[in-house]
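# Pasting the sequence and the predicted coordinates here, then a few questions.
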Amino acid sequence: MAKKVIAVMGATGSQGGGLVRAIQNDKSGDFTARALTRDVNSDKAKALAALGAEVVQTDIDDPASVNKAFEGAYGAYCVTFFWAHFSPEKEQAEAKSMAQAAKDTGLKHVIWSTLEDTRKWIPLSDTRMPTLQGKYKCPHFDSKGESDHFFTDLGLPVTILLTSFYWDNFIYFGMGPKKGADGKLVLTLPMGNAKMPSIAAEDIGKCAYGIFKRPSEFIGKTVGIAGEHPTGAQMAASFAKALGQPVSYNPVSWDAYRGFGFPGAEDLGNMFQFYHDCEKDFAGARSLEFSRSLNPELQTLDQWLTANKSRIPLE
Ligand SMILES: NC(=O)c1ccc[n+]([C@@H]2O[C@H](COP(=O)([O-])OP(=O)(O)OC[C@H]3O[C@@H](n4cnc5c(N)ncnc54)[C@H](OP(=O)(O)O)[C@@H]3O)[C@@H](O)[C@H]2O)c1
């Protein structure tokens, strides 16, 4: 029987890449991946083609190309790229156009990769954190959560997937431990003593594959995933074990983090405050047992650190 095609947005990125690899590595599975990218000739695109994925040129900001990319597919993994433009309005337009393309092409199963609209917990009138870009508390969360309705309004066979903070941010976003003036490593995160649901980025794709394999259980549902729920102190202890040197935890205030000045610092400061203040609901929506049922290879932070510690910049 012909394999069912899953069109994967962001196939050369963290979430989509994990999904393409999960699909293509399961040789006896029912699915094959269509990897969507702006540049079919990039090294990352070529690596996906080498796994047997069909690689198709697509720009998420060109609705006609998204329609073409979804044509003839069974399903699609829909993710947006907030940090490419920092614009909630653009992100919402991208979500809307993917939902419309899924409707136009009659897809049988769509996964929408989203996050909470934090304003449902912390309304704009709440002064504990600043309002950003005029009408958001945490723009990269709120605009995704606000976009969920594009998928549900059209009556799509959709699974709404709440993802988690990637441990890969310790490699790529400079969020890992850094040497202090005394040369000792410090993990700086504004998380107080709260738990932080988080995951190896590669496992998001593997969990998504688990969802595509069990459509009758997950179409019409909202599900959340995480690899672990460590506290800041537990993360520092894991780093210390993996790196073989002391790592202390520095739970800075949210105001201090928002003031760090890098692009997105305020958005992330508000995000960490939301994680902290709404810990019960945020962690409660991301069961580890459930995540492992989708992806039996789900990594713990210790496992991820053992495999990736040499890639984490410490200077
Ligand atoms: N970092 C975290 O902890 C975290 C946690 C949860 C959710 N998220 C969310 O994850 C999303 C990003 O996903 P990711 O981390 O998987 O991506 P990523 O690893 O940052 O990779 C970026 C991807 O975006 C694609 N892309 C960018 N602009 C595009 C366009 N105009 N048309 C088509 N593709 C485009 C790139 O593809 P090409 O260059 O090949 O075209 C690439 O695959 C963000 O919205 C972020 O808020 C992040």
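Perfect, I can see it now.
# Might you report the residue contacts of the residue in the chain positioned nearest to the ligand?
Across the chain, the shortest distance to the ligand (C-beta to the nearest ligand atom) belongs to G13, at 2.4 Å. Placement of C-beta: from N, CA and C, glycine included. Remark: with contacts taken as C-beta atoms under 8 Å, 6 or more residues apart in numbering, G13 is in contact with V79, F81.
# again, 10 Å this time
With contact taken as C-beta atoms under 10 Å, 6 or more residues apart in numbering, G13 is in contact with T37, K44, V79, F81, A84, A201, G205.
# Among the residues you listed, which lie within strands?
T37 (DSSP state E).
# out of the contacts of G13, which touch the ligand?
T37, V79, F81, A84 (C-beta under 6 Å from any ligand atom).
# surely the last one meets H140?
To tie it back to what came earlier, the one meant is A84. No - contact criterion C-beta atoms under 10 Å: A84 and H140 do not qualify, at 11.1 Å.
# So which of these two has more stuff around it?
In terms of neighbours (other C-beta atoms under 10 Å), H140 is the more surrounded of A84 and H140; the figures are 20 against 13.
# secondary structure element for that one?
helix 139-153 (DSSP states H and E).
# so what pLDDT did F82 get?
For F82, the model assigns a pLDDT of 98.
# switch to numbering from 29
Sure, I'll start numbering at 29, so the last one becomes F110.
# residue contacts, it?
So F110 contacts P116, K118, E119, E122, L143, P167, H168, F169, S171, K172, G292, D295 (C-beta under 10 Å, 6+ apart).
# out of the residues you listed, which touch the ligand?
Among these, the ligand is touched by H168 when using C-beta under 6 Å from any ligand atom.
# what residues are shared contacts of A112 and H168?
E119.
# all helices of this structure, in order?
Assigned by DSSP state H, the helices in the chain fall at 42-53, 71-78, 91-98, 116-132, 167-181, 197-200, 229-241, 243-246, 260-271, 282-286, 293-305, 307-312, 316-322, 329-336.
# per-residue confidence for G202?
89.
# Which residues of the stretch 129-278 of the chain lie near the ligand?
Checking the stretch 129-278 of the chain against the ligand by C-beta under 6 Å from any ligand atom, the hits are H168, T191, F193, Y194, N197.
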